[in-house]
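*Asks:* Show me the folded form of this:
(4 chains)
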There are 2 protein chains.
Amino acid sequence: MTSDAPEPNWLNDAEMRTWRAYLRAVNLIERRLNEGLKAAGGLTIEDYEVLVHLSETVDQRLRMSELSQRLVHSQSRLTQRVDRLAKRGYVSREKCPEDRRGTFACLTEDGFAALEATAPQHVQDVRDALIDLIEPDEHAVIAEVLERISEELHES
Amino acid sequence: MTSDAPEPNWLNDAEMRTWRAYLRAVNLIERRLNEGLKAAGGLTIEDYEVLVHLSETVDQRLRMSELSQRLVHSQSRLTQRVDRLAKRGYVSREKCPEDRRGTFACLTEDGFAALEATAPQHVQDVRDALIDLIEPDEHAVIAEVLERISEELHES
DNA sequence: GGGTGGTAGTTCAATGTTGAATGATTATTA
DNA sequence: TAATAATCATTCAACATTGAACTACCACCC
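*Replies:* Here you go, the predicted structure:
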């Protein structure tokens, strides 16, 4: 008589190595980027990403909910991050006229300036920590897998 | 007369897409794994990783400093995480006889049991969130890049 | 139109992380 | 060997995140 639970599909050695390398690489990348940003200004990578996403829209603003989805942050986390960025003058809030439940986070001039001041260092760090460590012939595979993951895990 | 600062080596479109996909994928993976672990028991992924690393050593124990390096955690973060795991009885501390500054974190039977109980669900989540999203012919490239990153960023 | 259910965003308490300071021990150097 | 420097781990206060509860608003349907 055997157990009801199916035997788990354990990772084989190669898969396990990949998984461990993934965990390690991700943590190392994050640490490196945060060190660089801290040296270059006072932004964390999360701050930076908020400002980047705003800067990439046509009118430099996004609804809170949209922003939290793009960043994969909880709403309350975003609320408080935007609070802090607003306190520093990098972001402002505006009520949404079409939907009065809604709020826009808007990039301010100071916020844009902070982004501009930090960007060169940060781009170099992103290169050093990830992009330039991918060989040209590997790039397509990496990009494809990452986008597949993003798409696949998108619901939840 | 031009500026002293060299023009930053901005990311091109493909590189930018890769970088964005990376950020998104990493956050989605973490969210998914934490949801799974929470459902399967009361461990976070950080808890789980502490226990796994201990379980993989010959005598189920590691020095705090060694463990913090493997996990890419600050020492104080690890101290407090081990505090919490110890409070739940999953880990115990032992003084190191060779170096009396040192402390071992030791996996307890309860800790091992918690790991065993959680592992099947977690392995499946790791498959769903990463491993099984990599096609067989892509696996070598992914593994190689991740290990290159781990190695390259290892100092710092 | 009024009721029902859903969505947007914030708040709050509990929990977790950071980074500098500390105490204790070991390593190095004069 | 004494003095100095470095390492191991913890502590503490400031800061950040989580998740549930809450307010306000919108959308649907009878």
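
*Asks:* For chain A, just list every one of the helices.
*Replies:* Using DSSP state H, the helices of chain A run over A:13-40, A:45-55, A:64-71, A:75-87, A:109-129, A:136-152.

*Asks:* Is it possible to get CSV of these that adds mean pLDDT and mean neighbour count?
*Replies:* The C-beta positions use only the backbone N, C-alpha and C, and glycine is treated the same way. What follows is the helices of chain A, written out as CSV (pLDDT from 0 to 100; neighbours: other C-beta atoms under 10 Å in any protein chain shown):
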stretch, mean pLDDT, mean neighbour count
helix A:13-40, 96, 18
helix A:45-55, 98, 21
helix A:64-71, 98, 18
helix A:75-87, 98, 15
helix A:109-129, 97, 17
helix A:136-152, 97, 17
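
*Asks:* Could you export the ones you listed as CSV, including distance to B:P120?
*Replies:* Shown next, in CSV, are the helices of chain A (distance: least, C-beta to C-beta, whole Å):
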stretch, distance to B:P120
helix A:13-40, 15
helix A:45-55, 33
helix A:64-71, 31
helix A:75-87, 30
helix A:109-129, 34
helix A:136-152, 21
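
*Asks:* Looking at these, which is nearest to B:E49?
*Replies:* Of all the helices of chain A, helix A:13-40 sits nearest to B:E49, with 6.9 Å by C-beta to C-beta.

*Asks:* next one: that closest one to chain centre, how far?
*Replies:* Centroid displacement of helix A:13-40 relative to its chain, using C-alpha atoms, centre = their mean, to the nearest Å, is 14 Å.

*Asks:* That helix near DNA strand D anywhere?
*Replies:* No: using C-beta under 7 Å from any atom of the strand, we find that helix A:13-40 stays clear of DNA strand D, coming within 11.2 Å at best.

*Asks:* Name the residues of chain A found near DNA strand D, please.
*Replies:* Chain A comes close to DNA strand D at residues A:44, A:46, A:73-77, A:80-81, A:84, A:99-101, as judged by C-beta under 7 Å from any atom of the strand.

*Asks:* from those residues, which is closest to chain B?
*Replies:* Distances from chain B to the residues of chain A next to DNA strand D, taken as C-beta to the nearest C-beta, are shortest for A:H73 (7.9 Å).

*Asks:* That closest one against A:R81, yeah?
*Replies:* Yes: at 7.3 Å, A:H73 and A:R81 qualify as touching, with contact defined as C-beta atoms under 8 Å.

*Asks:* picking that back up, among the helices of chain A, which comes closest to B:M16?
*Replies:* Taking C-beta to C-beta, helix A:109-129 is the member of the helices of chain A nearest to B:M16, at 9.4 Å.

*Asks:* tell me the angle the closest one makes with helix B:13-40.
*Replies:* Calculated by axes from the mean of the first three to the mean of the last three C-alpha atoms, to 10 degrees, helix A:109-129 forms an angle of 90 degrees with helix B:13-40.

*Asks:* Need the residues that contact helix A:109-129.
*Replies:* Residues from elsewhere that reach helix A:109-129, judged by C-beta atoms under 8 Å, 6 or more residues apart in numbering or on different chains: A:28-29, A:32-33, A:36-37, A:39-41, A:43, A:48, A:51-52, A:54-55, A:60, A:85, A:88-91, A:107, B:5, B:8-11, B:19, B:149, B:153.

*Asks:* Could you do stretch A:91-101 as well?
*Replies:* With C-beta under 8 Å, 6+ apart as the test, stretch A:91-101 has contacts from A:50-51, A:54, A:61, A:63, A:82, A:85-86, A:102-108, A:111.

*Asks:* Rounded mean pLDDT for it, please.
*Replies:* Averaged across stretch A:91-101, pLDDT comes to 97.

*Asks:* Which residues are in contact with each of A:H73 and A:R81?
*Replies:* Shared contacts of A:H73 and A:R81 (C-beta under 8 Å, 6+ apart): A:E46.

*Asks:* what's the burial count for A:S74?
*Replies:* The number of residues packed near A:S74 is 11, by other C-beta atoms under 10 Å in any protein chain shown.

*Asks:* pretty sure it is touching A:S65, no?
*Replies:* No: counting by C-beta under 8 Å, A:S74 sits too far from A:S65 to count as a contact (11.1 Å).

*Asks:* can you list residues touching both of the two?
*Replies:* With C-beta under 8 Å, 6+ apart applied, the contact sets of A:S74 and A:S65 do not overlap.

*Asks:* still on that earlier bit, DNA strand C next: which of the contacts of stretch A:91-101 are close?
*Replies:* Applying C-beta under 7 Å from any atom of the strand to the contacts of stretch A:91-101, those adjacent to DNA strand C are A:R63, A:V82, A:G102, A:T103, A:F104.

*Asks:* Closest to the centroid, which residue in chain A?
*Replies:* In chain A, the residue lying closest to the centroid (C-alpha atoms, centre = their mean) is A:L71, at 5.2 Å.

*Asks:* List, one by one, the residues from chain A near DNA strand C.
*Replies:* Residues of chain A lying close to DNA strand C (C-beta under 7 Å from any atom of the strand) are A:34, A:38, A:63-66, A:68, A:75-76, A:78-80, A:82-83, A:93, A:96, A:99, A:101-104.
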